[in-house]
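In: Build the 3D model from these lines:
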Amino acid sequence: MMARSVSWTDPKSVALLLSRVSGSSRPALSLAHVASGASEPSRPTPAIAPVRALVAPKPPEPKVVPQIEQTSDNPSDRLDTLVAWTLDHHRCTGAFVADDNGLTLAAHGISEAHVSLVGPLLSALVSVRSIPGIDATAGALLLGENMMSWVEARTERGGFCLGAVGAEPLSTLALEQLKEALEITLRGV
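Out: This next block holds a predicted model:
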């Protein structure tokens with residue numbers, strides 16, 4: 001007796017399986033029956049249920065964030081407006097503005113511990129920026145249960161950082177919006 005190959009199938013077994021699947025009481029055509037060209041009386045074809053296309057839900061449209069409007073010439077007012085705008089238009093529970101020396105210039109909804117971290121973080125980013133191909137002017141850092149997202153802008157007076165603290169990091173689009181708002185704010189400072 002020859003050993004059966006892995007791809008060997010028994011026509012009677014296949015016919016029996018097909019009859020079970022189709023729900024028919026009589027056996028389905030065997031492969032030998034079909035090969036011989038014999039015909040079988042026609043039987044009604046089972047109704048096929050229409051297939052509904054699976055449509056992936058559309059991703060939510062990005063939230064339209066209005067451009068920041070700075071109406072004051074007072075630097076303190078401009079920074080407070082920036083922090084308020086950040087809290088109003090982005091998913092965060094706190095926001096701050098600091099200079100590149102780590103001095104917090106404006107903050108709301110952020111703990112003193114987070115504020116104290118800003119100086120060393122900005123100092124460390126100066127070193128990171130020296131690595132070719134690394135842009136450390138925006139990013140996010142996990143701080144316990146919170147994420148701190150930040151953007152930086154440089155002026156002739158030095159660098160400034162706008163940070164936001166929340167449950168998750170801000171998106172790339174949100175970081176771009178924050179950077180633009182920070183640059184607009186710094187034009188009058």
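
In: close enough to count as contact, residue 91 and residue 166?
Out: Yes - checked against C-beta atoms under 8 Å, the pair residue 91 and residue 166 is within contact range at 5.4 Å. In this view, the C-beta of every residue, glycine as well, is placed from N, C-alpha and C.

In: The two: which is more packed in?
Out: Neighbour tally, residue 91 and residue 166, criterion other C-beta atoms under 10 Å: the higher count belongs to residue 166, 19 against 16.

In: what's around the nearest residue to the more buried one once chain neighbours are set aside, how many residues?
Out: Nearest residue to residue 166 in three dimensions, chain neighbours excluded: residue 92, at 3.9 Å (C-beta to C-beta, 6 or more residues apart in numbering). Residue 92 is flanked by 24 other residues according to other C-beta under 10 Å.

In: For my notes, confirm residue 92 occurs in a strand.
Out: No - counting by DSSP: H, G, I helix; E, B strand; the rest coil, one finds residue 92 to be coil, located in no strand.

In: would you say residue 159 is within a helix?
Out: No - under the criterion used here (three-state DSSP), residue 159 is strand, not part of a helix.

In: which residues does it contact?
Out: The contact partners of residue 159, by C-beta atoms under 8 Å, 6 or more residues apart in numbering, come to 99-100, 122, 152-153.

In: 6 Å instead, please
Out: Listed by C-beta atoms under 6 Å, 6 or more residues apart in numbering, the contact partners of residue 159 are 100, 152.
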